[in-house]
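In: One predicted model, sequence on top.
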Amino acid sequence: MTARTVSADEALDVVIAMHRLMRRLRRTGHNGTVHPTQLIVLALLNQYGPLRIGELARRVPCSQPTATTAVAGLLSAGFVDREADPTDGRATRVAATAAGLDILRSFAHSEAEVLAELMSTLPKDDARLVITAAPVLSTLADLPAAGPAPDDDVSPPLA
């Protein structure tokens, strides 16, 4: 099966819809507790286990300085720890703590409840379409970047 070409205009519609939906969900969550980049870092650590900063930056995706800043805030809040990399004694990996996983579950639960409520207003087939799109969207998110990491905003450290 060959993929069809998707135009930038078609993709833009999807980008805008995803941004609008995420903005709506974030407004219902824990405002100010964890920056969105930090939340993604925690989710990645939960999914893949301990990772190096460079790997986190690649998977978020963000620049390495942004990943470093996000991890520093999570570290000071007790949501992550650093540990020696078992494959390279000079390197460290970042691992989520129990408190970090708790805050991740709390965010996910509150946003998932809102999304479930919104989806329950859709026709059944449309709701099923959104659910089945999740693995495809994850695949897109995990594809390697086409170029260098963007010069993005820096996550503020947690208070």
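Out: Received, thanks. Numbers count the residues shown, from 1 in each chain.
In: which strand in this protein runs the most residues?
Out: For the chain, the strand that runs over the most residues, judged by DSSP state E, is strand 88-96.
In: measure the residue nearest to the spatial centre of the chain to residue 62 for me?
Out: Taking CA atoms, centre = their mean as the criterion, residue 40 is the residue nearest the geometric centre of the chain, at 2.7 Å. Counting by CB to CB, to the nearest Å, the separation of residue 40 from residue 62 is 8 Å. Heads up, the C-betas are built off the backbone N, CA and C, glycines and all.
In: Tell me the first helix or strand C-terminal of whichever helix or strand residue 11 is part of.
Out: Here residue 11, judged by DSSP states H and E, is contained in helix 8-28. Per DSSP H and E, the first helix or strand lying C-terminal to helix 8-28 is helix 36-48.
In: Show me what the mean pLDDT comes to for that next one.
Out: Across helix 36-48, pLDDT averages out at 93.
In: Would you mind stating the distance between residue 104 and residue 144?
Out: Residue 104 sits 25 Å away from residue 144, going by CB to CB.
In: can you check residue 128 too?
Out: Relative to residue 144, and taking CB to CB, residue 128 is found at 30 Å.
In: who's more crowded, those two?
Out: residue 128 (12 against 6; other CB atoms under 10 Å).
In: Show me what the helix or strand where the more buried one lies is packed against.
Out: Using DSSP H and E, residue 128 maps to helix 124-142. Packing partners of helix 124-142 (3 or more CB pairs under 8 Å, 6 or more residues apart in numbering; DSSP states H and E): helix 98-119.
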